[in-house]
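Colleague: okay, here's the prediction I keep looking at, along with the sequence it came from:
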Amino acid sequence: MSTPSRRRYPLQKLLQLRAHRTEKARLLVADRQRVVRDCREACERIEAEIAALQRECAGQRLRMLDPPPPGIPFPLALEQREAHIGWLGEQAQAARLRLQQARQQLQEAEQALAEAMQAFFRAKAREDALEKRKALWRGEVVALEARIEEDAAADLVQARHHARTRH
């Protein structure tokens with residue numbers, strides 16, 4: 001009787017292990033999706049920052065020849081405005097570099113997500129295949145148990161016959 005429980009235990013353990021691996025892979029996919037979403041949001045924020053800097057720069061260029069505030073000579077005001085436009089350009093260039101890095105991180109995150117999804121689908125396929133084979137394996141276990149019982153019965157019959165012929 002201990003044979004059937006030993007035969008079923010590894011199958012049950014294997015089913016649990018496959019289910020655990022599938023769940024672990026699913027959680028990894030969810031985590032990778034969150035990372036991709038965060039990277040996309042970072043790219044969008046940087047793109048919005050660049051657009052705002054470009055609008056600010058364009059607005060400053062339009063106001064370049066506006067009269068200076070009272071008490072400030074025109075050449076000084078013009079120089080300050082040019083310096084501010086230059087600074088805005090530097091800020092926009094720095095943001096473009098950050099955007100390039102963020103896009104690279106997004107690409108890496110998307111690749112990691114694709115790999116995690118492939119791993120999940122492989123784990124799920126293995127689990128599903130194991131579930132499909134479960135009934136077949138149980139049938140094999142029952143057949144094995146029947147053969148063991150038949151062999152034991154045959155051994156008993158043979159032992160009784162052998163015992164009778166000796167005495």
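Modeller: Perfect, I can see it now. Remember, it's a predicted structure, so these values are computed and weren't measured experimentally.
Colleague: so Pro67, which state does it fall into?
Modeller: Per DSSP: H, G, I helix; E, B strand; the rest coil, the secondary structure class of Pro67 is coil.
Colleague: enumerate every residue touching it.
Modeller: Counting by Cβ atoms under 8 Å, 6 or more residues apart in numbering, Pro67 makes contact with Phe74. The way it works is simple: take the backbone N, C-alpha and C, and place the C-beta from them, glycine included.
Colleague: for it, grab phi and psi.
Modeller: The phi/psi pair for Pro67 (degrees, to the nearest 10) reads phi -60, psi 140.
Colleague: middle-most residue in the chain, spatially?
Modeller: Val29 (2.5 Å; Cα atoms, centre = their mean).
Colleague: that one and Leu11: what is the separation?
Modeller: 27 Å (Cβ to Cβ, to the nearest Å).
Colleague: cool, Cys43 as well?
Modeller: Where Leu11 is concerned, Cys43 sits at a distance of 48 Å (Cβ to Cβ).
Colleague: neighbour-wise, which of these two wins?
Modeller: Cys43 (18 against 15; other Cβ atoms under 10 Å).
Colleague: element containing that one?
Modeller: helix 2-62 (DSSP states H and E).
Colleague: below-threshold pLDDT in this protein: ranges please.
Modeller: 1-9, 167 (pLDDT under 70).
Colleague: how does it look with 90?
Modeller: 1-16, 64-69, 72, 74, 129-167 (pLDDT under 90).
Colleague: now do the longest helix along it: which elements does it pack against?
Modeller: Longest helix in the chain, counting residues (DSSP state H): helix 74-166. Helices and strands touching helix 74-166, by 3 or more Cβ pairs under 8 Å, 6 or more residues apart in numbering; DSSP states H and E, are helix 2-62.
Colleague: number of nearby residues for Ala83?
Modeller: Burial of Ala83 is recorded as 10 neighbouring residues (other Cβ under 10 Å).
Colleague: that one and Ala77: what is the separation?
Modeller: In terms of Cβ to Cβ, Ala83 sits 11 Å off from Ala77.
Colleague: now Glu110
Modeller: According to Cβ to Cβ, Glu110 stands 48 Å off from Ala77.
Colleague: which non-adjacent residue is nearest Met117?
Modeller: Val29 (5.5 Å; Cβ to Cβ, 6 or more residues apart in numbering).
Colleague: what residues are up against the one you found?
Modeller: Shown in contact with Val29 (Cβ under 8 Å, 6+ apart): 113, 116-117, 120.
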